[in-house]
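Chemist: Sharing a sequence plus its predicted fold:
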Amino acid sequence: MPKLIINGHEIEVAAGASVLQACEQMGIEVPHFCYHDKLSVPASCRMCLVEVEKTPKPVASCGLPAADGMVVHTDSPMVLKARRGVMELLLINHPLDCPICDQGGECDLQDQAVAYGSDHSRYAEAKRAVADKELGPIVKTVMTRCIHCTRCVRFADEIAGTPELGGVFRGEHLEIGNFGGGPLTSELSGNLVDVCPVGALTSKPYAFRARPWELQKTESVDVMDAVGCNIRIDTRGNEVMRILPRLNDDINEAWINDKTRHACDGLKLQRLDQPYMRVDGKLRPASWPEAFAAIAARLKTASAERVAALAGDLVDCESMFALKQLMLALEVPHLDCRQDGATYDMTARAGYIFNSGIAGIEQADAILLIGTNPRHEGTLVNARIRKRWLRGGLRVASIGAAADLTYPHRRIGGSPSAIRDLINGRDAFAKTLLAAKNPMVIVGAGALARPDGAALQALARELAEKFNMVRPDWNGFNVLQRAASRVGGLDIGFVPQAYGLGTRGILEAASSGKMEVVYLLGADEIDMDRLGNAFVIYQGHHGDKGAHRADVILPGAAYTEKDGIYVNTEGRPQLAKQATFPPGEAREDWKIIRALSETVGKTLPYDTLTQLRARLIEACPVIGAMGRLTKAEWKPFGHAGQVAVQPFEPVIANFYMTDPISRVSPTMAKCVTEIQRRDVPEAAE
């Protein structure tokens with residue numbers, strides 16, 4: 001490890017670290033524009049110049065490897081003069097847009113011009129103007145502001161895997177644009193706004209809506225998928241203005257997908273803000289006591305065997321736990337948190353979580369995807385696979401529907417029979433898995449939701465054991481869940497109790513008239529027509545499918561309006577924080593269930609969220625390990641049986657609309673209508 005001296009202080013850094021990284025390690029600020037720690041290093045902006053003894057001129061610190069014995073100065077007169085010169089050149093063509101620029105207040109160019117630039121310019125020539133580019137409904141462009149740092153180009157090429165941006169022309173005529181025109185097709189395009197250090201790329205939905213200093217910032221987690229991306233919710237008053245990523249190298253690094261970022265405008269539309277009851281076939285407003293009384297009266301006349309409860313994809317652990325306790329107090333055995341109808345084995349936690357962790361993908365050297373398209377089901381998981389592929393030495397194969405995953409992969413087959421072929425060594429990829437040091441399999445939740453899901457789960461476990469994917473130092477068996485509430489619900493045990501029915505059984509019983517009451521806790525992804533004549537209680541925050549079918553509606557809180565625990569696909573519990581308040585008479589879900597329990601005569605034993613969480617963690621200790629991964633014991637799971645020959649089908653038909661919030665989002669609607677997927681053939685080796 002090299003040792004160098006920076007501003008008179010010695011420091012030891014890791015081999016291969018740059019001088020800029022060494023300075024950051026010491027807490028010394030070095031201005032820069034083109035450098036980004038998650039992207040390749042072009043060393044093009046020259047703002048990070050430093051003086052190195054025995055070197056005749058300033059050098060770019062971002063592209064200079066730290067060497068043993070190197071003596072560096074970051075604040076010498078030479079450096080200060082060089083930085084002023086670079087800043088003067090950068091500002092030659094930059095327009096005086098700061099008062100109207102959405103980047104104002106959080107602009108790197110603005111900040112560094114004040115800190116390192118001059119108070120005047122020697123250039124009086126007319127500034128260059130560049131035509132704006134059309135990049136779709138997510139990214140707004142003002143290309144005259146562009147300083148050609150190429151961060152956007154490198155992000156699109158390296159992280160998103162859709163190389164649609166690049167430079168055209170030369171010299172002072174250079175422009176950054178999109179090849180072929182049309183909107184960007186990446187699900188990660190919103191991150192271009194974050195990486196742009198000036199106001200050339202800004203958020204189109206957020207344009208001219210607020211300034212950074214007006215916003216209240218709340219750290220939380222995303223619930224649009226099961227990845228559990230760390231986010232920051234920016235609010236003004238009681239309105240969510242925007243959602244930005246928070247750095248977490250174990251999960252989402254510095255990125256979030258476009259649905260996470262921009263579906264938040266659906267939070268203020270089509271909201272349920274008061275209870276409703278169906279009278280003479282029509283829903284009418286009601287008071288809380290009236291709604292509770294109607295539910296209690298119906299529960300009183302129905303036997304426990306004819307009552308069921310389903311939990312949706314966006315529900316927090318506390319609410320599911322409270323509803324489970326209420327149902328058990330009523331002796332109701334029919335519970336399920338899997339709206340997709342999955343019936344796989346839950347007795348072993350290792351059988352339904354992402355055991356290696358998302359960061360563990362970077363250790364894999366062979367990955368097999370079964371029945372999943374991670375680009376749509378877990379966008380940041382897919383980005384992590386691409387990151388590992390870019391480093392070299394990774395082979396990827398898939399069994400399932402053909403898809404463009406943004407990295408080369410070999411499609412072995414489309415049906416479960418290809419799994420048996422691998423186990424029996426009838427496919428060449430079996431040799432790759434056997435030779436791999438850290439092989440990995442990623443099974444899609446949609447694959448396990450088939451009627452033969454339990455048999456597929458057992459087959460995938462057999463494959464993992466056959467190819468040495470599970471060892472004391474490595475567990476490469478992973479399930480990529482799709483719903484934010486899924487792992488938490490399985491951990492809590494919101495599943496059929498003794499002799500109880502799951503989602504498929506509940507819907508069959510309801511359609512045949514054998515189920516009298518169905519409680520939908522944010523459950524909107526089931527076939528409502530199959531509920532028959534059952535009395536439906538819907539508790540949720542949007543007037544979506546469940547509310548349209550309901551006989552009683554209890555208005556709940558969205559994920560930005562309550563504190564709640566969510567367990568991501570890795571099995572990592574994380575805390576979502578309240579950023580705003582629910583509208584009107586809507587209340588937090590656990591409070592509604594607690595109040596209802598009094599009306600039905602089964603009062604739950606807690607009055608505060610703290611008391612509820614204490615009971616929850618006592619019943620399910622793994623949820624108490626907040627922010628940490630708990631290693632799951634490897635033991636047999638799944639049920640050996642006949643696997644159907646039917647091929648795997650894509651489980652997400654529309655990436656931009658998968659839940660009640662995104663379905664009413666105007667921005668997501670624009671993404672659906674404006675973004676046309678390019679006919680890119682499947683990448684192959």
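Modeler: It's in.

Chemist: And for the closest residue to residue 14 other than its chain neighbours, the neighbour number?
Modeler: Closest residue to residue 14 apart from its sequence neighbours, by Cβ to Cβ, 6 or more residues apart in numbering: residue 1 at 6.1 Å. For the C-beta atoms, the positions are set from N, CA and C on the backbone; glycine is no exception. A count of nearby residues for residue 1, using other Cβ atoms under 10 Å, gives 10.

Chemist: I figured residue 1 hits residue 22, correct?
Modeler: No - assessed by Cβ atoms under 8 Å, residue 1 is found out of contact with residue 22, at 11.0 Å.

Chemist: Find residues that contact each of the two.
Modeler: Counting by Cβ atoms under 8 Å, 6 or more residues apart in numbering, the shared contacts of residue 1 and residue 22 are residue 13.

Chemist: List the beta-bridge partners for residue 141.
Modeler: Beta bridges link residue 141 to residue 201, judged by DSSP bridges.

Chemist: Does it touch residue 135 like I think?
Modeler: Yes - counting by Cβ under 8 Å, residue 135 is a contact partner of residue 141 at 5.9 Å.

Chemist: what is in contact with these two at once?
Modeler: residue 201.

Chemist: if I look at the residue nearest to residue 14, how far off is residue 62?
Modeler: Residue 1 sits 20 Å away from residue 62 when distances are taken as Cβ to Cβ, to the nearest Å.

Chemist: ok, which stretches of the stretch 551-685 of the chain are helices?
Modeler: 589-599, 609-619, 660-663, 666-674 (DSSP state H, counting those that start in this stretch).

Chemist: cool, the stretch 201-350 of the chain as well?
Modeler: Using DSSP H, counting those that start in this stretch, the helices of the stretch 201-350 of the chain run over residues 258-262, 288-301, 317-329.

Chemist: right, so the ones you listed: which one is the most enclosed?
Modeler: helix 258-262 (a mean of 27; mean count of other Cβ atoms under 10 Å).

Chemist: List the contacts of it.
Modeler: 138, 187-190, 203, 205, 222, 224-225, 229, 231, 242-245, 655-656, 658, 662, 665, 667-668, 671.

Chemist: neighbours around the nearest residue to residue 657 once chain neighbours are set aside, how many?
Modeler: Spatial nearest neighbour of residue 657, chain neighbours left out: residue 663 (4.7 Å); criterion: Cβ to Cβ, 6+ apart. By other Cβ under 10 Å, the residues close to residue 663 number 20.

Chemist: I'd say residue 663 and residue 545 touch.
Modeler: No - judged on Cβ under 8 Å, residue 663 makes no contact with residue 545 at a distance of 9.0 Å.

Chemist: Residue 626: neighbour count?
Modeler: 11.

Chemist: what does residue 607 give?
Modeler: Neighbour tally, residue 607, other Cβ under 10 Å: 11.

Chemist: residues in contact with it?
Modeler: So residue 607 contacts residue 594 (Cβ under 8 Å, 6+ apart).

Chemist: got the residue ranges for the helices in the stretch 1-150 of the chain?
Modeler: With DSSP H, counting those that start in this stretch, the ranges of helices along the stretch 1-150 of the chain come out as 19-26, 77-90, 108-116.

Chemist: could you say which helix or strand contains residue 167?
Modeler: Secondary structure from DSSP states H and E places residue 167 in strand 165-168.

Chemist: Direction included, what does that strand pair against?
Modeler: strand 175-178 (antiparallel).

Chemist: okay, the very next helix or strand once past the strand it pairs with in CSV with CA atoms only?
Modeler: Using DSSP H and E, the next helix or strand after strand 175-178 towards the C-terminus is helix 191-195. What follows is helix 191-195, C-alpha atoms only, in CSV (Å, rounded to 0.1, in the frame of the first residue of the first chain):
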residue,chain,number,x,y,z
ASN,A,191,-30.3,9.1,-12.4
LEU,A,192,-28.8,11.2,-15.2
VAL,A,193,-30.2,14.2,-13.4
ASP,A,194,-28.3,13.2,-10.2
VAL,A,195,-25.0,12.7,-12.0
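
Chemist: ok, and what's touching helix 191-195?
Modeler: Everything outside helix 191-195 that qualifies as a contact, by Cβ under 8 Å, 6+ apart, is 36, 39, 135, 139, 151-152, 155-156, 159-160, 184, 201-203, 244-245, 254-256.

Chemist: Need the mean per-residue confidence for that helix.
Modeler: Mean per-residue pLDDT for helix 191-195: 97.

Chemist: Buried residues, that helix. List them.
Modeler: Buried residues in helix 191-195, defined by neighbour count with 16 or more other Cβ atoms under 10 Å: 191-195.
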